[in-house]
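> Build the 3D model from these lines:
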Amino acid sequence: MKSVLIFGISGFVGQYLAQEFMINGYFVYGSDISKKSGLQEEVQFYQADLMNTNEVEELVGKVSPDIIINLAAISSVGASWGIPQTTMSVNVIGALNVMGAARKCNPMPKVMFIGSSEEYEASDKPIGEDTPLNANNPYGISKMALEKFAQVYLERYGMEIYCVRPFNHTGIGQRDSFVLPSFCKQVAEIDKSGKPGVIKVGNLEAERDFSNVKDIVRAYRTIVESDDCTKVFNVGSGEAYSLFELLDYIVSLSSQQITVEVDPERFRPVDTPTICCDYSYIKAELGWEPEKSIFETLKEMFEYYVRIV
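Numbers count the residues shown, from 1 in each chain. Got it, this is the predicted structure:
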């Protein structure tokens, strides 16, 4: 049985990625600085700090996986503005620790790193892989640097390193510090209260391409199972909606009257107006395309919060 080691398995995407590999016949090892409650029993968990070179090397050497996927990262653009140094350390040095550990294995495992649509320069057109890279925030810059190191290690050491550039994705379990879970939770709380309420929001004009996390992890598996690691794929829905449209839909799911207040504190220092994915390359090369719309996903998230708040 093939095996995969997932760093950052306690994050939002981790459990979804573990499930995707398990249902496709893999044994899954998971690692993080702490174990998340609810992690699948089938996952063999090891505690390790990605910033500790020795811990990473010992773990990779011990389990000797066929595939390593690194999900561990500072993954919020907003948060990266407040902690740019930490963002660079975790997203770049942490990845270098993974590359270094994998390089010492015989045979060397495949390695996948997660980039971002935030690497690209601003464009009012759907973004393809040939769009120039020119990040305008610390998070995007860190992902550009990570990809450059991955390319160097691939060329210098003959490693199979896969890089993917996902666009925004969401689903049940994402922290409510992210925009769509925040909307869903606030509206659900008002709905459960049985009376009118107010929610606070940031910039609603921004247009974003949001995918269901299950579609995203299916793309990750499809890509890392492919033969050519030199190809970098965008992964997204191909549809961009303004946050106003998405919030309006979420509000429509509630039976209560809801007032929306714009909070200037929730605005980013720099915010790209429109980000939309052109996923035609991965569709043509690997046959992947999204299965769930963002509106189906938002309904699932809203109903989840109604049950738990």
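
> Only C-alpha atoms from now on, for both contacts and neighbour counts.
OK.

> Tell me who's in contact with A219.
By C-alpha atoms under 8 Å, 6 or more residues apart in numbering, A219 lies in contact with V235, W288.

> Dihedrals phi and psi, it?
phi -70, psi -40 (degrees, to the nearest 10).

> try L5
phi -110, psi 120.

> What ranges in the stretch 201-309 of the chain fall below the confidence cut-off?
Scanning the stretch 201-309 of the chain with the threshold set as pLDDT under 70 gives 267-271.

> Just the helices from it, written as ranges.
Residue ranges of the helices in the stretch 201-309 of the chain, as given by DSSP state H, counting those that start in this stretch, are 213-224, 243-252, 280-286, 294-308.

> For the first one, buried residues please.
It refers to helix 213-224. Applying a neighbour-count criterion of 16 or more other C-alpha atoms under 10 Å, one finds V213, K214, D215, I216, V217, R218, A219, Y220, R221, I223, V224 buried in helix 213-224.

> Could you do the second one as well?
Counting neighbours by 16+ other C-alpha under 10 Å, one finds that the buried residues in helix 243-252 are L243, L246, L247, I250, V251.

> and if you look at the longest one?
Buried residues in helix 294-308, counting neighbours by 16+ other C-alpha under 10 Å, are found at I294, T297, L298, M301, F302, Y304, Y305, V306.

> From one end of stretch 19-33 to the other, what's the distance?
Start and end residues of stretch 19-33 are separated by 20 Å (C-alpha to C-alpha, to the nearest Å).

> And stretch 6-13, by the same measure?
First residue to last in stretch 6-13 (C-alpha to C-alpha) measures 10 Å.

> What are the boundaries of the strands in the chain?
3-7, 27-32, 44-47, 67-70, 110-114, 161-166, 169-170, 197-201, 207-208, 211-212, 233-235, 241-242, 258-262, 274-275 (DSSP state E).

> Do me a favour and average the pLDDT over the fifth one.
Averaged over strand 110-114, pLDDT sits at 98.

> Next: the third one.
What strand 44-47 shows for mean pLDDT is 98.

> Just send the helices of the stretch 201-309 of the chain back as TSV, with distance to V198 too.
Conversion of those to TSV gives the following (distance: least, C-alpha to C-alpha, whole Å):
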stretch	distance to V198
helix 213-224	28
helix 243-252	11
helix 280-286	40
helix 294-308	16
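
> of all those helices, which lies closest to Q40?
helix 213-224 (15.9 Å; C-alpha to C-alpha).

> what's the angle from the closest one to helix 294-308?
Using axes from the mean of the first three to the mean of the last three C-alpha atoms, to 10 degrees, the direction of helix 213-224 lies 120 degrees away from that of helix 294-308.

> before we move on, the earlier item: relative to T230, which of the helices of the stretch 201-309 of the chain is closest?
helix 213-224 (10.9 Å).

> could you check the angle strand 110-114 makes with the closest one?
140 degrees.

> Quick one: distance of helix 213-224 to the chain centre.
Relative to the centre of its chain, helix 213-224 is centred 11 Å away, using C-alpha atoms, centre = their mean, to the nearest Å.

> before we move on, what about stretch 35-53?
Counting by C-alpha atoms, centre = their mean, stretch 35-53 comes out at 18 Å from the chain centroid.

> which residues are contacting it?
Residues contacting stretch 35-53 (C-alpha under 8 Å, 6+ apart): 7, 10, 15, 18, 27-34, 55-56, 59, 72, 90, 93-95, 97-98.

> Give me the buried stretch members for it, please.
For stretch 35-53, by 16+ other C-alpha under 10 Å, it's K35, L39, V43, F45, Y46, A48, D49, L50, M51, T53.

> Please apply the same query to stretch 107-121.
In terms of neighbour count (16+ other C-alpha under 10 Å), stretch 107-121 has its buried residues at 108-121.
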